[in-house]
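[1] this is a predicted model, with the sequence first.
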Amino acid sequence: MPKIKPFKGVRAAADKAAHLISRTYQDYGKKELKAQLKYNPYSFLQILNPGYKFNQEISGIERFSLVRNRYLEFKEEGYLIQDEQPAFYLYENIDPHHSYTGIIAGTSTKDYQDNKIKKHEDTLSFKEVLFKDYLKSAGFNAEPVLLTYKDRPDINQMIDQVKKRQPDTFFSTTDFNSHKIWAITDPQMIESLEKQFQEIPELYIADGHHRSASSSLLSQEMDPDQESYHYFMSLLIAENQLNIYEFNRQIKDLNGLTKEEFLIQLDQNFRIQNRGIELYKPSKKHHFSMYLDGEFYSLYLRKGLYEISNPLQDLDTQMLYDLILKPILGIQDLRTDQRIKYSYGKHDIMHIKERVDSKEFAVGFGLFPATVEQMKSIADADLRMPPKSTFIRPKLPSGLIIYEF
């Protein structure tokens, strides 16, 4: 059964917390990143982008060691403070539309290797190695892996009990998110949580496949007695709290086909309805929206023509690949083909229209979101989703709680 452990987290000083945490590094455009580095000396981005101090781009192992230096400087300045006692951390995130609560803990790399922590996405080996080297050089991990489990009343009861007291940390950020943290240090409560999670048959990775794979690689390089390397930081959250959104697709060309030829080939597997200028979004699985040459279309899978023999084939992103992207548009490798791009968001259907109207792309496809049940059934069958099949919230900020090796 999955094993979790408390750890001595490193957290921002109370008066710096709202300024210190950041979104994941790759989420920033160049202009926004530059502004954050210029005007916010407390931002965790100062640690992740150590070359800014020297006004130059630094990469590779040299960057990793400088990240370590900036991190130690933040601790020396008192911006970051390590807790004196090992703890589990109850974390609540409240945004304008949802509230999420989960437990931040160390989770076992052996459980990951033994498939007690199940995966639904493939990882790229070069990224695994790169992040493994980063973790080893930097000596800390600042972004938890998002793990999910079937809702349990006993864990919910303990969470409710902890939330009756005032949080240790409570602050809001300019994206209209509120963040609350309670450190759980009571030995009896820690023991109870460990036992409760040991009764759960398996955990599922919702987000963070590369981070967990890299942590597993690192653990295999380290001695067994170096215990901290054999765990990785995770946010454990009940699956009924997850929100899964769709990733849509845009393709740069029609693979040499005219619009009419393309529609005729689509007609082999789909009932096609022209929706004109209606901003059409699919309303259930196996339905797709398409924007082509100034018009929206609904695509309904023709019954009986596509054999579904495993959970992966029931997934819309796989179906789109099997029936359209590969055979008609010639997209072979979804990870490397530069003709396909991915996007998501509440208003993404308008974004698709704008990108196609600008001639940047020839066609765009809107999908219906996958479900937690689909994600779990694919992981249980030891299958892997196509890349960019799910966009899952909550998204945890960097630097909220830091796990030191």
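    Thanks, I have the structure now. Residues are numbered from 1 along each chain as shown.
[2] now R11: how far from Y91?
    11 Å (CB to CB, to the nearest Å). Where C-beta positions appear, they are placed from N, C-alpha and C, glycine not excepted.
[3] joint contacts of those two?
    Listed contacts common to R11 and Y91 are I181, L400, I401; contacts here mean CB atoms under 8 Å, 6 or more residues apart in numbering.
[4] between the residues you listed, which is nearest P86?
    Nearest to P86 among the shared contacts of R11 and Y91: I401, at 12.6 Å, using CB to CB.
[5] ok, that closest one touching A183?
    No. If you go by CB atoms under 8 Å, I401 and A183 don't touch, sitting 9.5 Å apart.
[6] settle it for me: which of those two has more neighbours?
    Using other CB atoms under 10 Å, the more surrounded residue of I401 and A183 is I401, with 26 against 21.
[7] where does Y71 sit: helix, strand or coil?
    Under DSSP: H, G, I helix; E, B strand; the rest coil, Y71 falls in the helix class.
[8] which residues touch it?
    So Y71 contacts I47, L80, A138, G139, F140 (CB under 8 Å, 6+ apart).
[9] cool, I244 as well?
    By CB under 8 Å, 6+ apart, the neighbours of I244 are P369, A370, T371, V372, M375, T390, F391, I392.
[10] how far does stretch 1-15 sit from its chain's centre?
    Offset of stretch 1-15 from its chain centre (CA atoms, centre = their mean, to the nearest Å): 20 Å.
[11] got the buried residues for it?
    P2, I4, K5, P6, F7, G9, V10, R11, A12, A13 (16 or more other CB atoms under 10 Å).
[12] ditto for stretch 310-326
    Those buried within stretch 310-326 under the rule 16+ other CB under 10 Å are 311-312, 314-325.
[13] coming back round to it: just the closest of the shared contacts of R11 and Y91 to T109, please.
    Checking those one by one against T109 (CB to CB), the nearest turns out to be I401, at 18.7 Å.
[14] in helices only, show me the contacts of Y71.
    Judged by DSSP state H, the contacts of Y71 include I47, A138 as members of helices.
[15] TSV please, covering the contacts of Y71 and showing neighbour count and pLDDT.
    Output for the contacts of Y71, formatted as TSV (neighbours: other CB atoms under 10 Å; pLDDT from 0 to 100):
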residue	neighbour count	pLDDT
I47	27	96
L80	24	98
A138	22	95
G139	14	96
F140	18	97
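[16] in TSV: the contacts of Y71, plus distance to D114.
    Converted to TSV, the contacts of Y71 look like this (distance: CB to CB, whole Å):
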residue	distance to D114
I47	33
L80	33
A138	27
G139	26
F140	25
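[17] hang on, the earlier thing: go through the buried residues of stretch 1-15 and flag which are in strands.
    I4, K5, V10, R11, A12 (DSSP state E).
[18] specify the beta-bridge partners of the spatially closest residue to the first one that is not a sequence neighbour.
    If I follow you right, that is I4. Leaving aside its sequence neighbours, I4 sits nearest to A105 (CB to CB, 6 or more residues apart in numbering; 4.2 Å). When bridges are called by DSSP bridges, A105 pairs up with S234.
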